[in-house]
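S.K.: Test case, fold it:
(one chain, ligands or ions: 1)
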Amino acid sequence: MIIAIDGPSASGKGTLAKRLAAHLGFAHLDTGKIYRAVGYQVVRQGGDPEDEATALAVARALDPATLSAPQLSSDEAALAASKVARMNAVRDVLLQFQRDFAESPFGGASGAVLDGRDIGTVVCPEAPVKLYVVASAEVRAERRHKELLERGEASIYARVLQDMKDRDERDTNRSVAPLKPADDAFILDTSGLNADEAFAAALAEVEKADADRLQNKSTAT
Ligand code: C5P
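M.R.: Sure, this is the predicted structure:
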């Protein structure tokens, strides 16, 4: 069972993916971390994340052990990620990594939850459950702003909102694997929901898909 979760930044998709994976005993891959790891590494070695040759070399050498580095949560890593993510060649290299994970999740789990921007449309178009998590830019900026303040980092709401809109714009309008829902995705708007309500709605979708799968199986036999 593969669960594909997509949506813009701070829509709540990451929290949801983690929770679903823990609840179902599935493995979880935050695919944004892969792009962040590549972008951040390029910047760290003094390179330009818009330079394709450098980004490609880093993507090819990506070490999965670096995906848990705390520096990847920074806005600097997010910005660099959204730049390398626009390159077709970089995406191709990272696509295989993601598909390998979906087919053989770490730890031999019976299922995988992947969250990102193009999981339902490109990485796992056959996934039986596709969720597209959205919330207004203002709600998402407010969440991100609060998170930064709670972490003790300086934050200005207007700046966070502008950065979020810029990143949405880059992710939505790029020519390769743009941010958009798959035709058969369930759209979950979390603007007015707390984490528990969003989780309950997502779980209901997963259970529905599972019941449909079992039903199809029994009618086919
Ligand atoms: O989800 P997160 O904010 O960590 O993603 C960082 C950036 O990585 C996104 O803004 C997007 O440009 C890119 N990304 C992507 N495809 C994915 C996941 C992330 O292009 N599946």
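
S.K.: And what about the closest residue to F97 other than its chain neighbours, helix, strand or coil?
M.R.: Leaving aside its sequence neighbours, F97 sits nearest to I34 (CB to CB, 6 or more residues apart in numbering; 6.5 Å). For glycine as for every other residue, the C-beta is placed from the backbone atoms N, C-alpha and C. Classification of I34 using DSSP: H, G, I helix; E, B strand; the rest coil returns helix.

S.K.: Count residues in the vicinity of I34, would you?
M.R.: 26 (other CB atoms under 10 Å).

S.K.: Which positions within the longest helix belonging to the chain qualify as buried?
M.R.: When the chain is parsed with DSSP state H, its longest helix is helix 195-220. For helix 195-220, the neighbour count (16 or more other CB atoms under 10 Å) marks A198, F199, A201, A202, E205, V206, A209 as buried.

S.K.: list the helices and strands the helix or strand bottoming out on mean pLDDT in the chain packs on?
M.R.: Ranked by mean pLDDT, DSSP states H and E, the weakest helix or strand in the chain is helix 195-220, scoring a mean of 88. Packing partners of helix 195-220 (3 or more CB pairs under 8 Å, 6 or more residues apart in numbering; DSSP states H and E): helix 13-24, strand 129-134, strand 186-189.

S.K.: related to what we said a few turns ago, quick one: pLDDT of the residue nearest to F97?
M.R.: According to the prediction, I34 has pLDDT 97.

S.K.: Check A177 too.
M.R.: pLDDT, A177: 86.

S.K.: Specify the local secondary structure of it.
M.R.: Of the three states, A177 takes coil according to three-state DSSP.

S.K.: Tell me who's in contact with the residue lying closest to it once chain neighbours are set aside.
M.R.: The shortest distance from A177 to any non-neighbouring residue, by CB to CB, 6+ apart, is to D118 (4.0 Å). Listed by CB atoms under 8 Å, 6 or more residues apart in numbering, the contact set of D118 reads D6, A177, P178, L179.

S.K.: same question, L161
M.R.: A137, E138, A141.

S.K.: Produce a ChimeraX select command limited to the buried residues of those residues.
M.R.: To isolate the buried ones among these in ChimeraX, judged by 16+ other CB under 10 Å, type:
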select :141
